[in-house]
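Novice: predicted model, plus sequence, below.
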Amino acid sequence: MTLLDVRDLSVTYPGGAAAVRGVDLCLDAGQKLGLAGESGCGKSTLALALLRLLPAGTRITGEVLLDGEDVLTMKWGRVRAVRWAGASVVFQGAMHSLNAVHRIGDQIAEPILLHKKATPAGAKKKTGELLEHVGLPAARADAYPHELSGGQRQRVMIAMALACDPRLIIADEPTTALDVMIQAQILRLIEQLVADQDLGLIMISHDLAVLADTCDRLAVMYAGRVVEEGPARQVYEDARHPYARALSAAFPRIGDPSSRFAPQGLAGDPPDPAALPSGCTFHPRCPVALESCPQEDPVLREAGPERRAACVLVGPSAREPSETREDPDTLEEARPSTP
Ligand SMILES: Nc1ncnc2c1ncn2[C@@H]1O[C@H](COP(=O)(O)OP(=O)(O)OP(=O)(O)O)[C@@H](O)[C@H]1O
């Protein structure tokens, strides 16, 4: 059953240009969607827009149907309830998100008291259960954030996100600040919770390899748009859009040690939303751009079963790559990620 249906979502910051442009996404209960792309391509803006967590004056258009109810048009009172009980967010950097002067148990209990109308005893019991659920002893409720490790704090953030039994979890780079071992533990925890409770998950990362390992589906964003979407493994291992291909090549293949020594990186940076290139916004960096790409802005089109990509070289009516512009300078050799 469809849990989240995002239609033609666009977001413009006050005084700025569109950071998200016409995004369509669908997510079923129990499904995990990874959102990938370089810094600045609009991943966080998209995630925050789903719960209207953007600065005042930000223009959001389109539809965000959560269990069939449009978050963008509902009254603020309802939005506040939906933020905990409908969908909740796990941000990166737990130290900054937790309040340093309050015990973590009180911080987890707060939304339970407020939104679940629980009694203090009921909230305390639920807090203990949540802590145990994320692998911490219930007694840690008395600790202050500085008394916990980075991994433990991220577990607390996850417990908080689960406090009001949401249907959807949005995790924005949930493991970025953690070392590799703890990162793996937190990812497994999120996966397990999603499976146990049949939740929907949107996980944001710039790391395609992590997303391919954790998620069912993958959406790759560039300049505020989704440029490729499909089953996670297929997108990671056999991307159709040149940008998704370059992004995927920048990360070592899981189980293929040879790939980690010669990843290809993309030269240049994603464009500023206020100064987007004409036509396909990726064309200035694209190694296989056609002469016509500066004039054509391709929409997402079918690129195989359950797959979509926004490139004129992809799909049933794909152009011949014969007129491809040879421009080896758009690709550069990237540094090996790990020895
Ligand atoms: N509060 C804001 N006001 C104005 N512009 C913003 C604001 N937040 C983000 N932007 C702009 O919106 C665009 C998308 O940013 P966003 O943070 O969504 O990208 P991202 O893909 O999540 O990047 P990162 O991985 O670095 O978080 C960028 O050009 C950014 O400068």
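Specialist: Structure received. Predicted model only: the values in this text are computed from it and were never measured. Numbering: from 1, shown residues only.
Novice: next secondary structure after the biggest helix by length in the chain?
Specialist: In the chain, assigned by DSSP state H, the helix with the most residues is helix 180-197. Using DSSP states H and E, the next helix or strand after helix 180-197 towards the C-terminus is strand 200-204.
Novice: now find how far off-centre that following strand is within its chain.
Specialist: 6 Å (C-alpha atoms, centre = their mean, to the nearest Å).
Novice: avg pLDDT for whatever helix or strand comes next after that strand?
Specialist: Using DSSP H and E, the helix or strand that follows strand 200-204 in sequence is helix 208-214. Helix 208-214 shows a mean pLDDT of 90.
Novice: OK, contacts around the nearest residue in space to G57 that is not next to it in sequence?
Specialist: The shortest distance from G57 to any non-neighbouring residue, by C-beta to C-beta, 6 or more residues apart in numbering, is to P14 (3.7 Å). All C-beta spots, glycine's among them, are computed from the backbone N, C-alpha and C. Contacts were defined as C-beta atoms under 8 Å, 6 or more residues apart in numbering; by that measure P14 touches 55-58.
Novice: buried subset of these, written for PyMOL?
Specialist: Buried residues within the contacts of P14, by 16 or more other C-beta atoms under 10 Å, are selected in PyMOL with:
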select buried, resi 58
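Novice: quick one: the strands in this protein?
Specialist: Per DSSP state E, the chain carries strands over the ranges 2-12, 18-28, 32-36, 59-66, 69-70, 87-90, 168-172, 200-204, 217-222, 225-231, 264-266, 301-302, 308-309, 331-333.
Novice: quick one: low-confidence ranges for the stretch 201-339 of the chain?
Specialist: Under the criterion pLDDT under 70, the flagged ranges of the stretch 201-339 of the chain are 251-265, 319-339.
Novice: again, 50 this time
Specialist: Along the stretch 201-339 of the chain, the parts satisfying pLDDT under 50 run over 257-263, 326-339.
Novice: residue contacts, the residue lying closest to L187 once chain neighbours are set aside?
Specialist: Nearest residue to L187, sequence neighbours excluded (C-beta to C-beta, 6+ apart): T214, at 5.4 Å. With contact taken as C-beta under 8 Å, 6+ apart, T214 is in contact with 32, 34, 187, 190-191, 203, 232.
Novice: break the chain down into its domains, please.
Specialist: For the chain, automatic domain parsing gives the domain ranges 2-222, 244-333.
Novice: ranking the ones you listed by burial, who's on top?
Specialist: Of all these, domain 2-222 has the most neighbours on average by mean count of other C-beta atoms under 10 Å, namely a mean of 19.
Novice: any idea how far that domain is from the chain center?
Specialist: Using C-alpha atoms, centre = their mean, the offset of domain 2-222 from its chain centre is 10 Å.
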